[in-house]
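J.: Predicted model and sequence below, questions to follow.
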Amino acid sequence: MAFAMTDLVGCEFPLFAFSHCRDVVVAVSRAGGFGMLGASSFTPEQLEQELAWIDAHVEGKPYGVDVLIPENQPVGREVTVDQLADSIPTVHREFLRDLLSKHDIAMDPDQMIGRRRPSTLPDVGEALMDVAFQHRIRLIANALGLAPPAMIERGKQHGVPVAALVGAKEHALRQVGAGVDLLVVQGSEAGGHCGEVSTMVLVPEVIRAVKRVREVPVLAAGGIMTGRQMAGCMAMGAAGVWTGSVWLATTESETSEVFREKMIAATSRDTVRSKARTGKPSRQLRSSWHDAWEGPDSPGALPMPTMGMLSSRAFRAIDKAAAGGNPKARELVSYWVGQGVGLVDSVRSAAGVVQDFKEEFAEALADMQVIAE
């Protein structure tokens, strides 16, 4: 069976796997899918190391990079990390200190705030983009707003298609007008930053609207954990699927063992769309962290990027304490995950997940063929 994504990005099977883990990216691409490395967790120097490793291990298979350059920035390019850190109110620092203390996690107040320049600032995102285009990527993607003109222009120069993640029809039309080559239409079920419209509704709505402007392939995203769901999305007109949460429960994933255990035990109702980690609404596994930040005594979430500066080191301390056997810290453990978490019942290899998708996809097509006859 021929797929549009084979021509556009070179993958054998249009299963796109977003992950912050290079091992997942390589395993998926080598198995016939398309690995997408999330660059926002790296510095430009770290991203260079990650992509060099992928190039050396992916066996020539195609892969891509997701760079987060928000369209609407609450702070300017000239702001320093120290200025951002100093802008975090004392009440938020004290609230976090007390929250960690209640869960038997001690943290030096001087070490509580992350001092790395946030990757969501435009200069950092552009530096990450510079690194990405120096490697053999076959796709670059952007989220949280219109794809930057520089990304689209450089994509054309390097022969690399540009994708944009969207959560509303209006956003999709703006991206098409800006010149993107591929739309990732992400429903509210998705993990991480997402909109409010479900995948089942949003995908056909966007496909219909965009078709009136020009032909732009669409990848469906949000809650997709099985090959049968993939077949359903493609029956709606999608050219493939963009997945993320399903890879968190793989042996190669960057997530902690404690989180994977919580993930397997969770139901689809155990996630929450909250600002309490990055400052923008993003879907995560609900934990005591969210109960506290959304409770009556909370000072409220800070905007992006300062909320991320406040939460990043705290979550590293939480994961370390939980891994060390602290039961109270375990209550706080969380990570970005979609509502499809209820379909995860075991930890498998990334290549095994790709194979399961292929088999279930083929079974679904066969079943639909029988109905059509």
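T.: Happy to help now that I have it.

J.: low pLDDT regions in the stretch 51-200 of the chain?
T.: 71-77, 117-120 (pLDDT under 70).

J.: Now do the strands in it.
T.: Along the stretch 51-200 of the chain, the segments classed as strands by DSSP state E, counting those that start in this stretch run 63-68, 139-143, 162-166, 182-186, 192-193.

J.: Please identify the deepest-packed of those strands.
T.: Using mean count of other C-beta atoms under 10 Å, the stretch among the strands of the stretch 51-200 of the chain with the largest mean neighbour count is strand 182-186, at a mean of 28. Glycine gets a C-beta too; all of them are placed from N, C-alpha and C.

J.: Mind giving me the packing neighbours of it?
T.: The contact analysis (3 or more C-beta pairs under 8 Å, 6 or more residues apart in numbering; DSSP states H and E) places strand 182-186 against strand 139-143, strand 162-166, helix 169-178, helix 199-211, strand 218-221.

J.: What separation is there between the nearest residue to residue 48 once chain neighbours are set aside and residue 137?
T.: Distance criterion C-beta to C-beta, 6 or more residues apart in numbering; nearest residue to residue 48, sequence neighbours excluded, is residue 131 at 5.1 Å. Distance of residue 131 to residue 137, given as C-beta to C-beta, to the nearest Å: 10 Å.

J.: list the residues that contact both of these two?
T.: Here residue 131 and residue 137 have residue 51 as joint contacts, going by C-beta atoms under 8 Å, 6 or more residues apart in numbering.

J.: give the contact list for the residue nearest to residue 48.
T.: So residue 131 contacts 39, 44, 47-48, 51 (C-beta under 8 Å, 6+ apart).

J.: if we can go back for a sec, turn the strands of the stretch 51-200 of the chain into JSON lines, including distance to residue 302.
T.: Output for these, formatted as JSON lines (distance: least, C-beta to C-beta, whole Å):
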{"stretch": "strand 63-68", "distance to residue 302": "18"}
{"stretch": "strand 139-143", "distance to residue 302": "20"}
{"stretch": "strand 162-166", "distance to residue 302": "23"}
{"stretch": "strand 182-186", "distance to residue 302": "24"}
{"stretch": "strand 192-193", "distance to residue 302": "16"}
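
J.: Correct me if wrong: residue 96 contacts residue 314.
T.: Yes - in this structure, residue 96 is within contact of residue 314 by C-beta atoms under 8 Å, at 6.0 Å.

J.: can you list residues touching both of these two?
T.: With C-beta under 8 Å, 6+ apart, residue 96 and residue 314 have common neighbours residue 112.

J.: hey, which helix is longest across this structure?
T.: Ranked by residue count under DSSP state H, the longest helix found in the chain is helix 350-372.

J.: and that helix, C-alpha only, in CSV?
T.: Provided in CSV are the C-alpha atoms of helix 350-372 (Å, rounded to 0.1, in the frame of the first residue of the first chain):
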residue,chain,number,x,y,z
ALA,A,350,9.4,0.7,20.7
ALA,A,351,10.0,-1.7,17.8
GLY,A,352,7.3,-4.0,19.3
VAL,A,353,4.8,-1.1,19.4
VAL,A,354,5.5,-0.3,15.7
GLN,A,355,4.9,-4.0,14.8
ASP,A,356,1.6,-4.0,16.8
PHE,A,357,0.5,-0.9,15.0
LYS,A,358,1.2,-2.5,11.6
GLU,A,359,-0.7,-5.7,12.5
GLU,A,360,-3.7,-3.9,14.0
PHE,A,361,-3.8,-1.5,11.1
ALA,A,362,-3.8,-4.3,8.6
GLU,A,363,-6.6,-6.1,10.5
ALA,A,364,-8.7,-3.0,10.6
LEU,A,365,-8.3,-2.5,6.8
ALA,A,366,-9.3,-6.1,6.2
ASP,A,367,-12.4,-5.7,8.4
MET,A,368,-13.4,-2.6,6.6
GLN,A,369,-12.9,-4.3,3.2
VAL,A,370,-15.3,-7.0,4.3
ILE,A,371,-17.9,-4.4,5.2
ALA,A,372,-17.4,-2.6,1.9
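
J.: which outside residues touch it?
T.: Outside helix 350-372, the residues within contact range by C-beta under 8 Å, 6+ apart are 13, 15, 17, 23-24, 27-28, 30-33, 226-228, 230-232, 235, 246-247, 250-252, 348.
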